[in-house]
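Colleague: just a sequence and a predicted model for now, questions to come.
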Amino acid sequence: MATQIHLLPLLLLAPTVEAQWCVPTTAVPYAPTMPGITQVVCNTIDRTSADIEDYPYNSYVNTGLSTVLQKGGTYPVTIAFTIDEQISPHMNLRIWVDFNHDGQLDDVGETLLSVDHLSGPVYNGQITIPNSVATGDTRMRVTAKMCSHGFHTLPTPCDLPPDPFGYHGEMEDYNVEIVDAVGVPEMQRATGVYVFADDASTVLNFSLVADAVVHAEIHDASGCQLLVGTTQHMAQGEQHLVLPALPDHGAYSLRLWLNGEPMTVRFVR
């Protein structure tokens, strides 16, 4: 009896293509006390660390952490860092995102945060994801680097060309998924927002319809930021945040970010 041979179809699988982001080999720490990043907060990312984590080999860290960012969304960010007062009392901060997925982080529009000459220890700001960028998984790089007081050049995503005095600071990498903008679901909203302000404190009361990442700021009538609350993960239900007292009586606005989506409530103290 003849043996039957069954020929299975040959499946040709396309190779998985992933961007290869540079590892800054020139970022070599000069001492265990070299300044670097101690905390990064962005959306669901909240990472606390030592300032230099890989001494004496490199001041670059691939954290492996990730978050989802929506096109058109604005997200509060917190970067905490240390300084070396004897060499450079200030640090320069950058956040880059590889929006076009080409493995580079220095194309036009990929610098989301650029602030210089900060004495620390904590910077609070925000980033906005452009509506025009591609969706999908990509890389976000955060850095805190010594400024020109220590004769250093401005930060670049991979220290190219190399800083002649060394990349004195730290770089941290995060994975981000860029998704299309959608209507803000009602479940991301807060209800019953109320601000109680007296000479002792400023208390924000509200109810979350679902769990959310919450960030709060209070501005005066001219738009100047006066108070800022720590970004927190909060559970569904009644919540409150306690901030320091406002400096005077007058009109103010509360800016409350829920999962990266802002809402504004005006009030009078």
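Modeller: Everything's here; your move. Note that the coordinates shown come from a computational prediction; the quantities given were computed from them, not determined experimentally.

Colleague: now stretch 55-63, how far from the centre of its chain.
Modeller: Centroid separation for stretch 55-63 versus its chain: 19 Å, with C-alpha atoms, centre = their mean, to the nearest Å.

Colleague: got the CA positions of that stretch in PDB?
Modeller: In PDB, the C-alpha atoms belonging to stretch 55-63 read as follows (Å, rounded to 0.1, in the frame of the first residue of the first chain):
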ATOM      1  CA  TYR A  55      26.900  53.200  38.000                       C
ATOM      2  CA  PRO A  56      29.600  52.900  36.800                       C
ATOM      3  CA  TYR A  57      28.500  51.700  33.400                       C
ATOM      4  CA  ASN A  58      25.800  54.000  32.000                       C
ATOM      5  CA  SER A  59      23.300  56.700  33.000                       C
ATOM      6  CA  TYR A  60      20.700  55.300  30.600                       C
ATOM      7  CA  VAL A  61      17.800  53.100  31.800                       C
ATOM      8  CA  ASN A  62      15.200  51.300  29.800                       C
ATOM      9  CA  THR A  63      12.400  51.100  32.400                       C
END
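
Colleague: next, Gly150: phi, psi?
Modeller: When read as degrees, to the nearest 10, the backbone of Gly150 gives phi -100, psi 20.

Colleague: wait, I meant Asn124
Modeller: Dihedral angles for Asn124 - degrees, to the nearest 10 - are phi -120, psi 130.

Colleague: show me the beta-bridge partners of it.
Modeller: Thr78 (DSSP bridges).

Colleague: wait, isn't it in contact with Val228?
Modeller: Yes. The criterion here is C-beta atoms under 8 Å, and Asn124 meets it with Val228 at 5.2 Å. (Each C-beta comes from the backbone N, C-alpha and C, glycine too.)

Colleague: so who does the nearest residue to Leu112 once chain neighbours are set aside touch?
Modeller: Distances taken as C-beta to C-beta, 6 or more residues apart in numbering put Ile127 closest to Leu112, at 4.1 Å, once the chain neighbours are dropped. Neighbour list for Ile127: 42, 74-75, 77, 95, 112-113 [criterion: C-beta atoms under 8 Å, 6 or more residues apart in numbering].

Colleague: number of residues surrounding Ser201?
Modeller: 12 (other C-beta atoms under 10 Å).

Colleague: returning to that earlier point: and the residue nearest to Leu112, what element?
Modeller: strand 122-128 (DSSP states H and E).

Colleague: quick check: buried residues in that strand?
Modeller: 123-124, 126-127 (16 or more other C-beta atoms under 10 Å).

Colleague: tell me where the stretch 101-250 of the chain has strands.
Modeller: 111-118, 122-128, 136-146, 169-179, 190-197, 202-208, 212-220, 225-228, 232-234, 237-243 (DSSP state E, counting those that start in this stretch).

Colleague: so which bits of the third one are buried?
Modeller: Same thing as strand 136-146. For strand 136-146, by 16+ other C-beta under 10 Å, it's 138-146.

Colleague: redo those as a markdown table? Include pLDDT and distance to Tyr57.
Modeller: Listed next are the buried residues of strand 136-146 as a markdown table, based on pLDDT from 0 to 100; distance: C-beta to C-beta, whole Å:
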| residue | pLDDT | distance to Tyr57 |
| --- | --- | --- |
| Thr138 | 96 | 26 |
| Arg139 | 97 | 21 |
| Met140 | 98 | 23 |
| Arg141 | 98 | 18 |
| Val142 | 98 | 19 |
| Thr143 | 98 | 17 |
| Ala144 | 98 | 19 |
| Lys145 | 97 | 18 |
| Met146 | 96 | 19 |
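
Colleague: farthest-apart pair in the residues you listed, please.
Modeller: Greatest spacing in the buried residues of strand 136-146, by C-beta to C-beta: Thr138 and Met146 (27.5 Å).

Colleague: could you find the closest non-adjacent residue to the most centrally placed residue in the chain?
Modeller: Central residue of the chain (C-alpha atoms, centre = their mean): Cys42, 3.6 Å from the mean position. Nearest residue to Cys42 in three dimensions, chain neighbours excluded: Val77, at 4.7 Å (C-beta to C-beta, 6+ apart).

Colleague: related to what we said a few turns ago, what's near enough to touch the residue nearest to the centre of the chain?
Modeller: In this structure, Cys42 makes contact with 67, 75-78, 127, 140, 174, judged by C-beta under 8 Å, 6+ apart.
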